[in-house]
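Chemist: any chance you can model this:
(one chain, ligands or ions: 1)
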Amino acid sequence: MSTANDMAEMPVQLPRNPANAAEGRSRYFNSGNAFNIKLPPVPGHIFLDEPAQAMKMEKTGFINCDQSDKMQCSFAATTPLMLARYAVVKAGETLDTTLINTASIWYVIKGKAKLVVGAENASLGKADVFLLPGGVESQITAEEDSVFWAVGNDPQLKFDTSSPVTGKDAAVQFVHYPADEIVHQLDVVYGSNANASTSGHALIFSAEKSEAARNITPTMTLSLNTLKPKSEQPPHKHNSAAITLVVAGDPAYSMVADQKCDWSPWATLITPPAAKHSHHNDGNTRAEFLIVQDGGFYYHARTMGFEFY
Ligand SMILES: [Fe+2]
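Modeler: Residues are numbered from 1 along each chain as shown. Just a heads-up that it's a prediction; the model follows:
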């Protein structure tokens, strides 16, 4: 009888004599073999081809920033819990934006369009932000050639095989943040004294339904960060992954895990969980960048792990 088996080398343990199908579906592992699956790390990356393709306006549709292969993920994902995508809607055409997520956060890169969300609608223009509830029928019809950037928690729902809750129990409602209102609200922030621990001014987007948590959705946060000319945000880290859209900054760059990522218009920068990072504005104009993080998730779990270096 062999007793020298290393528990880490043991295969899955099966039930001996299952009395029925439910017992037959049970499986057992041990403390040696259950936790030794090595997942590849979340790649730090700056997406340049996807925005370039979107700006070419070849056809109406989505262009995903997909890193699922590198993360060994069986569904489209930019980070384990979030998917970033560009959306192109050619003038006169309509894009179905009904998505399977809790919500998606949208930014209008260029164009003019009409948005219908369930029984509501809105006119969209450049630099508007809007929040789309998942599972609610929505569509964008472009009046001019339009390009959008959107981040949703689609992978989170795929991972858990869950579907969005709609109606009165929905976590998220449709919210529109028009560009001129964003400029005004950011001016209000600029009019206040900066906190000594931050070198930049940021506008944090929230919504009526999530005001108490100061998030935009239960798991995601949205921040419009700015850096004055010739300034930088010092190196720091957090356990949330960040997906950043470059809005303005010439020249500007980010350091992610000691790798320099030069900014270019409408690029999407990925900051992996717990990676050291900093943002730098070398130019003579204000740098602006829109950051979506799965921060709500980590705040709730008390595992944000924010630290300056
Ligand atoms: Fe950060």
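Chemist: buried stuff in stretch 265-272?
Modeler: By 16 or more other Cβ atoms under 10 Å, the buried positions in stretch 265-272 come out as 266-272. No exception for glycine: its C-beta is placed from N, CA and C like everyone else's.
Chemist: now render the residues you listed as TSV, adding secondary structure, pLDDT and distance to residue 103.
Modeler: Putting these into TSV (DSSP: H, G, I helix; E, B strand; the rest coil; pLDDT from 0 to 100; distance: Cβ to Cβ, whole Å) gives the following:
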residue	secondary structure	pLDDT	distance to residue 103
266	coil	98	22
267	coil	98	23
268	strand	98	18
269	strand	98	21
270	strand	98	20
271	strand	98	21
272	coil	98	23
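Chemist: what segments of the chain are helices?
Modeler: Using DSSP state H, the helices of the chain run over residues 21-24, 49-55, 154-159, 179-190, 295-300.
Chemist: between the ones you listed, which gets nearest to residue 96?
Modeler: helix 154-159 (14.7 Å; Cβ to Cβ).
Chemist: which among the helices of the chain is found nearest to residue 135?
Modeler: helix 154-159 (9.5 Å).
Chemist: ok, residues contacting the closest one?
Modeler: 73-83, 99-102, 104, 134, 163-164, 219, 294 (Cβ atoms under 8 Å, 6 or more residues apart in numbering).
Chemist: for residue 195, report the pLDDT, please.
Modeler: Note for residue 195: predicted pLDDT of 61.
Chemist: same question for residue 192.
Modeler: 83.
Chemist: and if you look at the one 10 residues further on?
Modeler: The predicted structure scores residue 202 at 94 on the pLDDT scale.
Chemist: would you mind measuring from it to residue 28?
Modeler: 48 Å (Cβ to Cβ, to the nearest Å).
Chemist: residue 185 now?
Modeler: Where residue 28 is concerned, residue 185 sits at a distance of 55 Å (Cβ to Cβ).
Chemist: between those two, which has more neighbouring residues?
Modeler: residue 185 (15 against 10; other Cβ atoms under 10 Å).
Chemist: ok, now which ones touch that one?
Modeler: Neighbouring residues of residue 185 by Cβ under 8 Å, 6+ apart: residue 203.
Chemist: please apply the same query to residue 174.
Modeler: Contacts of residue 174 (Cβ under 8 Å, 6+ apart): 117-118, 120, 122, 130-133, 136, 138.
Chemist: out of those residues, which is most surrounded?
Modeler: residue 133 (26 neighbours).
Chemist: ok, now which ones touch the nearest residue to that residue once chain neighbours are set aside?
Modeler: Leaving aside its sequence neighbours, residue 133 sits nearest to residue 172 (Cβ to Cβ, 6 or more residues apart in numbering; 4.5 Å). Listed by Cβ under 8 Å, 6+ apart, the contact set of residue 172 reads 102-103, 131, 133-134, 207, 209-210, 217-218.
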